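J.: structure here, sequence nowhere to be found:
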């Protein structure tokens with residue numbers, strides 16, 4: 001069996017099991033495995049890792065995931081390596097549900113196996129475990145961003161709109177002054193810290209150099 005034959009088979013079928021390739025090429029599974037070892041091959045991280053595809057076929061999304069007829073592949077390798085990469089690459093760490101949404105699996109079906117992974121540790125935020133990088137610098141940045149998100153969740157859409165309106169009207173006001181203005185004019189009681197986190201999260205502070213946190 002030559003490599004071009006495999007390329008043609010996968011070009012048409014895109015995703016196959018070892019048994020399917022073996023039958024289509026009329027050779028043993030061991031022969032297929034040897035041929036795979038010489039090629040860039042991706043193995044599915046669901047469906048019991050039974051499915052394979054060749055490099056160049058998957059159209060990975062921005063998270064490095066490709067779904068084909070319910071079969072999932074990652075450009076980072078198996079599920080463990082994928083989860084490790086996603087957590088390390090995240091701006092604010094990831095909860096189990098957030099990881100599940102990205103990889104397309106129910107978190108309860110796999111996260112219990114990944115509670116202890118190299119380079120990763122978990123910490124509770126708002127009663128939910130969040131997974132962070134264990135690199136001190138990366139953790140500090142992720143944790144800060146996660147805290148900002150938690151603070152933002154305390155602001156309703158209506159209050160957020162009122163905050164933005166006040167910010168536009170008073171671009172030179174400090175966070176404390178905006179807090180006082182909202183309390184006086186709109187009866188919205190938001191701390192200066194929450195205001196700063198909200199504006200930081202939306203990159204609005206960078207656009208107003210004169211703002212005084």
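T.: Happy to help now that I have it. Note that the structure is a prediction, hence the values are computed from the model and not measured. Numbers count the residues shown, from 1 in each chain.
J.: with residue 34 as the reference, measure out to residue 26.
T.: Note on residue 26: its distance to residue 34, by Cβ to Cβ, to the nearest Å, is 15 Å. In this view, the C-beta of every residue, glycine as well, is placed from N, C-alpha and C.
J.: more neighbours: those two, which one.
T.: Neighbour count, other Cβ atoms under 10 Å: between residue 26 and residue 34, residue 34 has more, with 12 against 8.
J.: distance of that one from residue 21?
T.: 12 Å.
J.: sec struct for the closest residue to residue 85 other than its chain neighbours, please.
T.: Nearest residue to residue 85, sequence neighbours excluded (Cβ to Cβ, 6 or more residues apart in numbering): residue 76, at 4.7 Å. Put simply, residue 76 is coil when judged by DSSP: H, G, I helix; E, B strand; the rest coil.
J.: what's the answer for residue 67, then?
T.: Following three-state DSSP, residue 67 is assigned to strand.
J.: my read: it touches residue 103, true?
T.: No - counting by Cβ atoms under 8 Å, residue 67 stays clear of residue 103, with 9.9 Å between them.
J.: re earlier: what's the burial count for the residue nearest to residue 85?
T.: So residue 76, with other Cβ under 10 Å, has 20 neighbours.
J.: what of residue 81?
T.: The burial count for residue 81: 13, using other Cβ under 10 Å.
J.: which residues touch it?
T.: Residues in contact with residue 81 (Cβ atoms under 8 Å, 6 or more residues apart in numbering) are residue 74.
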